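Enquirer: okay, here's the prediction I keep looking at, along with the sequence it came from:
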Amino acid sequence: MHGSTQQLQFTNFAIKSGVKPIKQSQRRFRPELVPEIEKEVDKLLKADFIREVKYPSWIANIVPVKKKNGQIRVCVDFRDLNKACPKDDFPLPITELMVDATTGHEALSFMDGSSGYNQIRMDPKDEEKTAFRTPKGIFCYKVMPFGLKNAGATYQRAMQKIFDDFLHKFVECYVDDVVVKTKSRGDHLRDFASCLERLRRHQLKMNPLKCAFGVSSGKFLRIRWST
């Protein structure tokens, strides 16, 4: 593993036995929304998050959602696909225990994954199950999209594999939130560098606008865990 990178794969896309694929009826959009939807689709194509697909067995509709800044976010209605998938019961950490685990540490750094679930690649054989219809055509995800039933459990399992030997020692993680904790402030840079190296090895990127580095335990808990 040393000196190499490994991008995460979303490999456990299970469908219940006997379930037939569903193609949702085409939805109509107000004419003024179409250019905005197409613009968002172009962004996803440019980011290499989606690809065009022909003759898929599953087709979902998109749901345009207006963000606080007035722009449109393109969400996908995965309700039918989610009903067909068994629940992944992989446990998520208990928030209260994570808070307790950070007490008594002189320095803490918080990192938030950039684009969240989209950093995990879909297994190629499962990509077309995420197909969705747009005014520009039918596309499917090459990365794990938001809205899938087991996305959170899948991401948590991946993070625990990545940080297996670091967890509960100097790293805690909840899905795409990562905390580096150090008892002595003088050792924090060493632990933080080890965490970054592990993230780099697995090609995981963090959002610098949502990070806080080297803060005290009290300040950290007030600004992060109390919200």
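Expert: Great, that's in hand.
Enquirer: make it CA atoms for all contacts and neighbour counts henceforth
Expert: OK.
Enquirer: strands along this protein, start to end?
Expert: Assigned by DSSP state E, the chain shows strands spanning 9-10, 50-52, 60-66, 72-76, 107-112, 121-122, 132-134, 137-141, 171-174, 177-182, 212-215.
Enquirer: which residues touch residue 24?
Expert: The neighbourhood of residue 24, defined by CA atoms under 8 Å, 6 or more residues apart in numbering, consists of 59-61.
Enquirer: out of the strands of the chain, nearest to residue 164?
Expert: Comparison of the strands of the chain against residue 164 by CA to CA identifies strand 171-174 as nearest, at 9.5 Å.
Enquirer: select only the buried ones of the contacts of residue 24 in PyMOL?
Expert: Selection of buried members from those for PyMOL, criterion 16 or more other CA atoms under 10 Å:
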select buried, resi 59+60+61
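Enquirer: of the contacts of residue 24, which is the nearest to residue 42?
Expert: residue 61 (16.9 Å).
Enquirer: before we move on, what's the pLDDT of the closest one?
Expert: With respect to pLDDT, residue 61 scores 97.
Enquirer: what residues are up against it?
Expert: By CA under 8 Å, 6+ apart, the contact list for residue 61 reads 24-27, 76-77, 132-134.
Enquirer: cutoff 10 Å now
Expert: Residues in contact with residue 61, defined by CA atoms under 10 Å, 6 or more residues apart in numbering, are 23-28, 75-79, 131-134, 138.
Enquirer: same check, this time on residue 162
Expert: 8, 156, 195, 198-199, 201-202.
Enquirer: my read is that residue 181 contacts residue 103, right?
Expert: Yes. Contact criterion CA atoms under 10 Å: residue 181 and residue 103 qualify, at 9.1 Å.
Enquirer: neighbour-wise, which of these two wins?
Expert: Neighbour count, other CA atoms under 10 Å: between residue 181 and residue 103, residue 181 has more, with 30 against 16.
Enquirer: any of the contacts of residue 162 buried? List them.
Expert: By 16+ other CA under 10 Å, the contacts of residue 162 give 8, 156, 195, 198-199, 201-202 as buried.
Enquirer: and the two most separated of those?
Expert: 156 and 201, at 17.3 Å, using CA to CA across those.
Enquirer: which of the strands of the chain is buried the deepest?
Expert: strand 177-182 (a mean of 24; mean count of other CA atoms under 10 Å).
Enquirer: kind regards, and thank you for your time.
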